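In: here you go, sequence then predicted model.
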Amino acid sequence: MSAHNQQVILKSRPKEMISISDFALKQAAIPKAADGQVVIQSLYITVDPYLRDRMSGNALQIGLFELNEPINGAVIGKVVESKHPGFKSGDIVIGHLEWADYSMTEGENLSKLDPLQKPISTAVGILGMPGMTAYFGLLDIGKPKAGETVVVSAAAGAVGSAVGQMAKIKGCHVVGITGSDEKIAYLLKECGFDAAVNYKKKDYVEQLNKACSKGVDIYFDNVGGQVSDPLFNLLNLYARIPLCGQISQYNKSSSEMGPRILWPLLSKSALIKGFFVDDYKKQYPQAIREMAQWIKEGKLKYREQVVAGIENLPKAFVGLFKGENIGKQLVKIAD
Ligand SMILES: NC(=O)c1ccc[n+]([C@@H]2O[C@H](COP(=O)([O-])OP(=O)(O)OC[C@H]3O[C@@H](n4cnc5c(N)ncnc54)[C@H](OP(=O)(O)O)[C@@H]3O)[C@@H](O)[C@H]2O)c1
């Protein structure tokens, strides 16, 4: 056990673009377990875009983080001390815990992971929250049919890369929208997308129109804003839009105004539906089984981008909003 417990705290509320200077490292004592409690050493901490809203957004559903207190989110860790009947030292667990080397919990929302069954990091990636988001957003709301055109934005990220590959499994023509040539190559060569376009290029709309020559049946929106605006003119009759994320807006102090989309939606009898993946929690086991099988068969690939060291958590988090990650961004805290 390391003798230190460093925590990552929120030092200031970002007004617009989040910066690493909004965070600080704080030295704390390693917690001791009292009756009913478990002390966990963090192994992997995941950074997820939704946490941005808890730093200075509306955070209506889950509440704002306190200033000068540790951030919290999904953490994979090892039990190092337990006075809880359900857990013993050495158990590998996932829970909602602090961004810290060590944290303490009474076991609420803590589940055991079996490292022999699957790599533990997948519990916050392809077989965790982002993978579930891709699965239910695409299959339950998008309802893809063979031959249809599916477009996904933030396509090279944790959610987007899974959406596109699952749409390929369902026999669709898949177009990814992303922000670099390296990511385009990843989507075409590793993820099997049919086409990918770079929204940062001047001819973005032209390229998008070309890639979607038969129109768009499903637009899985992770980004919103100007990246998504041109999609509304490409919708086919009965198109579906799973509204998953609006990452282009998370660092803005007020939402941008866009084109009026209701007429294109009405004229195409299109469905647009926002969703939160938590609403599907009861159905996760079935989705995990099916996705694990696709991974085993080589039909679904995933990439994890791992940086080491708790001091790199702020940079990894901020990097999500600068497009620095390919696949799921993780921070390794300990072995
Ligand atoms: N509804 C739900 O329950 C739910 C659950 C999980 C995630 N989500 C949402 O799903 C989306 C993807 O999440 P993720 O965890 O998979 O993240 P991710 O895609 O792995 O990482 C974020 C990516 O977003 C892109 N991006 C960042 N800022 C952008 C901007 N201003 N304009 C356009 N693209 C931008 C970047 O890729 P580029 O290089 O391509 O720009 C970046 O790599 C997020 O919007 C997130 O909030 C929703």
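Out: Right, received. Where do you want to start? Numbering: from 1, shown residues only.

In: so which residues on the chain come close to the ligand?
Out: 48-50, 129-130, 133, 154, 156-160, 178-180, 183, 222-223, 227, 244-245, 247-248, 275-277, 320-321, 323, 325 (Cβ under 6 Å from any ligand atom). Bear in mind the C-beta positions are built from the backbone N, C-alpha and C, glycine included.

In: and these, which of them are in helices?
Out: Counted as lying in helices by DSSP state H, out of those, are 129-130, 133, 158-160, 183, 227, 320.

In: one step back: quick check: PyMOL command selecting the buried ones in the residues of the chain next to the ligand.
Out: Per 16 or more other Cβ atoms under 10 Å, the buried members of the residues of the chain next to the ligand correspond to this PyMOL selection:
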select buried, resi 48+49+50+129+130+133+154+156+157+158+159+160+178+179+183+222+223+227+244+245+247+248+277+320+321+323+325
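
In: which residues does stretch 111-120 contact?
Out: Contacts of stretch 111-120 with the rest of the structure, by Cβ atoms under 8 Å, 6 or more residues apart in numbering, involve 43-44, 76, 87, 91-95, 123, 127, 292.

In: if we can go back for a sec, output the ones in helices among the residues of the chain next to the ligand in CSV; the columns should cover pLDDT and distance to residue 192.
Out: Shown next, in CSV, are those (pLDDT from 0 to 100; distance: Cβ to Cβ, whole Å):
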residue, pLDDT, distance to residue 192
129, 98, 23
130, 98, 19
133, 98, 20
158, 98, 17
159, 98, 17
160, 98, 14
183, 98, 14
227, 98, 22
320, 98, 24
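
In: now the two most distant members of these.
Out: Within these, 129 and 227 form the most distant pair, 22.6 Å apart (Cβ to Cβ).

In: so what's the residue sitting furthest away from the middle of the chain up against?
Out: For the chain, the largest distance from the centre (Cα atoms, centre = their mean) belongs to residue 35, which lies 34.8 Å off. Shown in contact with residue 35 (Cβ under 8 Å, 6+ apart): residue 83.

In: and residue 38, how far from the ligand?
Out: Separation of residue 38 from the ligand (Cβ to the nearest ligand atom, to the nearest Å) stands at 27 Å.

In: wait, that residue touches residue 78, no?
Out: No. Residue 38 is not in contact with residue 78 according to Cβ atoms under 8 Å; the separation is 10.6 Å.

In: more crowded one of these two?
Out: Neighbours per residue (other Cβ atoms under 10 Å) separate residue 38 from residue 78, with residue 38 holding more: 26 against 19.

In: and that one, what are its bridge partners?
Out: In this structure, residue 38 bridges to residue 82, residue 105 when assessed by DSSP bridges.

In: so what pLDDT did it get?
Out: For residue 38, the pLDDT comes out at 98.

In: swap in residue 60?
Out: We have a pLDDT of 59 for residue 60.

In: ditto for residue 63
Out: pLDDT, residue 63: 86.

In: tell me if I'm right that it and residue 54 touch.
Out: Yes. If you go by Cβ under 8 Å, residue 63 and residue 54 touch, sitting 7.0 Å apart.

In: ok, how many other residues are close to residue 36?
Out: For residue 36, the neighbour count with other Cβ under 10 Å is 13.
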